[in-house]
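Enquirer: Here's my sequence, what's the structure:
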Amino acid sequence: MGKISDTKHLYHYYEKGRPPFRSISALPFDEAEKVLAELRKKNENLVHPNIKWFLEWRYNMDKTIRDKFIEIGGKPIRTAPVFLLFGGK
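Expert: Numbering: from 1, shown residues only. Okay, the predicted model is just below:
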C-alpha cells in the first residue's frame, strides 16, 4: 500500500448533481435493494452481482463501525456511517 502523504484533508466523493453525505445503508433494506437494482440496470459493473449478499454485508459492516464508535465514546447522530478518505487523488 502506498504512503499517505496528505493526512490534513478528508475527501468525500459523490455523484455530481446528487447531494453529498448519503449512504445506501441509511435506507430500509428493501428500498436499498431497489436502488441498487436500478443502478445495475444502467451499468452492471457498478453494482455487486449479488445485491442481497452485498447489502447484508454492508449493513453488518456499517453496524460494526457504528457499534465500535459508540464503544470508544462516540455519540453518532446518523444510523449509517458516511465514508471519507484521507488525502484523496
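Enquirer: how about the strands in the chain?
Expert: 10-11, 85-86 (DSSP state E).
Enquirer: Put together JSON lines for these, with mean pLDDT and distance to residue 72 on each row.
Expert: (Each C-beta comes from the backbone N, C-alpha and C, glycine too.) Formatted as JSON lines, the strands of the chain follow (pLDDT from 0 to 100; distance: least, Cβ to Cβ, whole Å):
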{"stretch": "strand 10-11", "mean pLDDT": "85", "distance to residue 72": "19"}
{"stretch": "strand 85-86", "mean pLDDT": "81", "distance to residue 72": "19"}
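Enquirer: Let me have these in JSON lines, extended by distance to residue 19 and mean neighbour count.
Expert: Below are the strands of the chain laid out as JSON lines (distance: least, Cβ to Cβ, whole Å; neighbours: other Cβ atoms under 10 Å):
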{"stretch": "strand 10-11", "distance to residue 19": "16", "mean neighbour count": "12"}
{"stretch": "strand 85-86", "distance to residue 19": "18", "mean neighbour count": "12"}
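Enquirer: which stretches of the chain aren't confidently modelled?
Expert: For the chain, applying pLDDT under 70 flags the ranges 1-7, 88-89.
Enquirer: Point to the residue nearest the middle of it.
Expert: residue 23 (5.0 Å; Cα atoms, centre = their mean).
Enquirer: The closest residue in space to that residue that isn't next to it in sequence and residue 69, how far apart?
Expert: Once flanking residues are discounted, residue 23 sits nearest to residue 80: 4.2 Å by Cβ to Cβ, 6 or more residues apart in numbering. To residue 69, residue 80 is 12 Å away according to Cβ to Cβ, to the nearest Å.
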